[in-house]
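> How does the following fold in three dimensions:
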Amino acid sequence: MDLRKEIIEELLKHSILVEPDVVDFIIERGGKDYLPHFIEEYRPLEVVTLSSLKKEKKASEKTVFSKPEPSEYEWDFKVLMGEAELKIKEGGIEDFRSLFLDRYKRLARILGTQTQLRGYTEISKLRGGEVKVIGMVDEIRITSRGSLIFTLEDPSGRVECYYPEGSFLLNDEVIGVVGNYSENNDRIYVKDILRPGVPIMKKNRKIAENISVAIISDTHIGSKMFLESRWKKFLEWLKRGKGDAAGIKYLLIGGDLVDGIGIYPNQEEELEILDIYNQYEKFAKYLEEVPDYIKIVMIPGNHDIVRNTEPQPVLPEEVRKMFNGNVEFLPNPGIFSIHGYKFLMYHGTS
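Okay, the predicted model is just below:
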């Protein structure tokens, strides 16, 4: 399409009429790159003439619209855990055992740093008296008096626990227990239950570049409930590069990129686009409007064209090739770093 025609059509979408010379003025200052700035500046005017332009240079004096500062920086993006690192398996018994064991070990390391649990004992080595144990919860029961009885398991063995004060526990939860162990009853009488915490970051890390990250999710392209007008406002905000948008260098999209097909009964009644590949084509077309200095990072969700079992692989190749080169495709979950900051992106299910 002719550049002049594209500019005029975009101005008409915002109810702005211009003289032919004003179109030349816009082209000289960067064309479509300058257009969002022009629309923001002159939106209040119904008709824009050369004489109404505010303190601008003459049209004959060519200037180039300057992009926001982040466009000057190189992308510093590294995949820390992609599809290869996830080691997607068949889901056999041994695979599940390995998963739960790995989860136990990771959480036990976190719990073991707490003062109350330092020097904790393996269940197989318990001796009478005060004990500290870390294990995975199983077989939860509540007595008529509200006390809690549950089994705690670690790689070395199992032990029954009794907590008279009661508490909220979940099966397969990894917790720390402090209490007294009775060898006669083979039971721990629990005084306190401890859970993994999130470490407090004392150091306020900063990077040299003046950049920021925008995070969105659940665009559900193809659904009749897709908020198209708000999406277009978001794209316009990104392209304008003003205010909070001025620092954006990365756009993270956390799954459910499209609405998909056959996700729930009678879904087709709520779909605007019935073909899932057409849904992705529409999404790719939308993302073409994102400024090219912004890197886009995407993971799938339960509505996307991947398996529901987690971890979910990246989108298939026939979908990936619809998108521009500034798009990174990761599995769900995906772990990556941006300028040294570590990100975990995950899409759950309800």
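
> Can you name the next helix or strand after the least confident helix or strand in the chain by mean pLDDT?
Sorted by mean pLDDT, DSSP states H and E, the helices and strands of the chain end with helix 83-86, the least confident at a mean of 69. Sequence-wise, the next helix or strand downstream of helix 83-86 (DSSP states H and E) is helix 93-111.

> For Arg141, see how far away Lys132 is.
Separation of Lys132 from Arg141 (C-beta to C-beta, to the nearest Å) stands at 23 Å. Heads up, the C-betas are built off the backbone N, CA and C, glycines and all.

> Neighbour count: the two, which is higher?
Just comparing Lys132 and Arg141: by other C-beta atoms under 10 Å the higher neighbour count belongs to Lys132, 20 against 10.

> dump the residue contacts of Glu328.
Going by C-beta atoms under 8 Å, 6 or more residues apart in numbering, Glu328 touches 77, 79, 295-298, 336.

> Run the chain-centre distance for stretch 337-350.
5 Å (C-alpha atoms, centre = their mean, to the nearest Å).

> meant to ask about stretch 71-85
Taking mean C-alpha positions (C-alpha atoms, centre = their mean), stretch 71-85 and its chain are 14 Å apart.

> distance between the ends of stretch 247-264?
39 Å (C-alpha to C-alpha, to the nearest Å).

> how about it: buried residues?
Buried residues in stretch 247-264, counted by 16 or more other C-beta atoms under 10 Å: 247-261.

> avg pLDDT for that stretch?
Stretch 247-264 comes out with an average pLDDT of 94.

> Need the pLDDT of Ser350.
64.

> related to what we said a few turns ago, narrow the buried residues of stretch 247-264 to those in strands?
248-254 (DSSP state E).

> Which two among those are spaced furthest apart?
Maximum pairwise distance in those, criterion C-beta to C-beta, is 17.6 Å, between Lys249 and Gly254.

> Would you mind pulling the contact partners of stretch 149-160?
101, 104, 108, 122-126, 133-143, 161-163, 169, 175, 177, 181, 185-188.

> Buried residues of that stretch, list them for me.
Here stretch 149-160 shows 149-154, 159 as buried, counting by 16+ other C-beta under 10 Å.

> Closest to Asp95 out of those residues?
Nearest to Asp95 among the buried residues of stretch 149-160, with distances taken as C-beta to C-beta, is Glu153, at 18.8 Å.

> did I read that right, that closest one in a strand?
Yes - assigned with DSSP: H, G, I helix; E, B strand; the rest coil, Glu153 falls within a strand.

> neighbours of Ser144, just the number please.
Residues near Ser144, counting by other C-beta under 10 Å: 5.

> Is it in a helix, a strand, or coil?
Ser144 is classified as coil under three-state DSSP.

> how about the nearest residue to Leu107, chain neighbours excluded?
Val174 (3.9 Å; C-beta to C-beta, 6 or more residues apart in numbering).

> Show the contacting residues for the one you found.
103-104, 107-108, 111, 134-137, 196.

> ok so Met136 is a helix residue?
No - counting by three-state DSSP, Met136 is located in no helix; its state is strand.

> so what's it bridging to?
Glu153, Val174 (DSSP bridges).

> before we move on, what about Ile248?
Going by DSSP bridges, Ile248 forms beta bridges with Ser212.

> pretty sure it contacts Leu238?
Yes - the pair Ile248 and Leu238 qualifies as a contact (C-beta atoms under 8 Å) at a distance of 6.5 Å.

> So for these two, which residues contact both of them?
Shared contacts of Ile248 and Leu238, defined by C-beta under 8 Å, 6+ apart, are found at 214, 294.

> Quick one: the strands in this structure, in order.
So, for the chain - with DSSP E - the strands run 17-18, 47-48, 77-81, 129-142, 148-154, 157-163, 174-182, 187-194, 212-216, 248-254, 295-299, 327-329, 334-338, 341-345.

> List the buried residues of the fourth one.
When you say that, I think you mean strand 129-142. Neighbour count says strand 129-142 has 131-137 buried, by 16+ other C-beta under 10 Å.

> which other residues reach stretch 127-141?
100, 104, 108, 111-112, 116-121, 123, 126, 148-154, 158-159, 169-183, 188.

> May I have the beta-bridge partners of Ile296?
Where Ile296 sits in a bridge, its partners, by DSSP bridges, are Leu251, Val327.

> That one: neighbouring residues, count only.
Using other C-beta under 10 Å, Ile296 is surrounded by 17 other residues.

> Over to Asn324?
Neighbour tally, Asn324, other C-beta under 10 Å: 11.

> tell me the contacts of it?
Residues in contact with Asn324 (C-beta under 8 Å, 6+ apart) are 284, 287-288, 292.

> Model confidence for the residue sitting furthest away from the middle of the chain, exactly?
Farthest-out residue of the chain from its mean C-alpha position, per C-alpha atoms, centre = their mean: Asn184, at 50.8 Å. Asn184 is assigned 90 on the pLDDT scale.

> Could you do Pro313 as well?
pLDDT, Pro313: 90.

> cool, and Glu46?
For Glu46, pLDDT reads 67.

> please renumber so the chain begins at 519
Right, with 519 as the first residue, what we last looked at is Glu564.

> for stretch 807-826, what is the average pLDDT?
Averaged across stretch 807-826, the pLDDT comes to 93.
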